[in-house]
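> Pasting the sequence and the predicted model now:
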Amino acid sequence: MVRITSVGFCYAGRLGCTVNLVAAKNEIHCSTMHAAIRRLKGEYLIRVVDDNTIEALHPVRAKIVFDALCNQICTDPREVAFKALPCISSQNVRVVLLDYFSNQQYDIKDVQRLSQIKFCDWVGYANAIRSMLWLDAKRYVESNMTFISSLVAKTWQRMALFLAA
């Protein structure tokens, strides 16, 4: 359980997000959460901000630990990302979603799962919506990249003539 807890903390930590311990306990259901926190704190991987919040001491170190643990315990990054969302501050929801949608394969099930997450305030919902708008723009650009590239190539030739004059 310490490894699973560590994966969640490191996932959020590698992005510079703080973790709400009460929300993390509700998501992970780990009876040894305090032992895991003590161990991670003793290894200088996390810092206890207050009684309810922790954060990674260094995002790069958190990424290295996250990658190593994912390889070791075969954890799906999709599961980790969606379990981390309710545990982070609302301001960081967008950071986690943009990272996930940029680096993982996604499908409509991810969007449906995102719609089921309960955030603690409207800021979390707003950041989730902003992320979905970004994802829609990303999908549009990816599906029309050939046309966009040809348009840029044609326009750039005309622009170069204009600038040379």
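Here it is on my side, so go on. Note that the structure is predicted; figures quoted are calculated from it, not measured. Numbering: from 1, shown residues only.

> Same question for residue 119, what's its three-state structure.
Using DSSP: H, G, I helix; E, B strand; the rest coil as the criterion, the local structure at residue 119 reads coil.

> before we move on, what SS does the closest residue to it other than its chain neighbours have?
Of all residues beyond its chain neighbours, the one nearest residue 119 is residue 125 (5.4 Å), with distances taken as C-beta to C-beta, 6 or more residues apart in numbering. Every residue, glycine included, has its C-beta placed from N, CA and C. Classification of residue 125 by three-state DSSP places it in helix.

> Count the neighbours of residue 125 for me.
Residue 125 has 15 neighbours, counted by other C-beta atoms under 10 Å.

> how near is it to residue 114?
Using C-beta to C-beta, to the nearest Å, we find residue 125 at a distance of 10 Å from residue 114.

> where along the protein do the strands fall?
Counting by DSSP state E, the chain has strands at residues 19-20, 46-50, 53-56.

> possible to save those strands as TSV with distance to residue 133?
Formatted as TSV, the entries for the strands of the chain read as follows, by distance: least, C-beta to C-beta, whole Å:
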stretch	distance to residue 133
strand 19-20	26
strand 46-50	31
strand 53-56	28
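
> any chance you could map the helices in this structure?
Along the chain, counting by DSSP state H, helices occupy 2-13, 21-28, 33-42, 59-73, 77-84, 93-103, 108-116, 122-143, 145-164.
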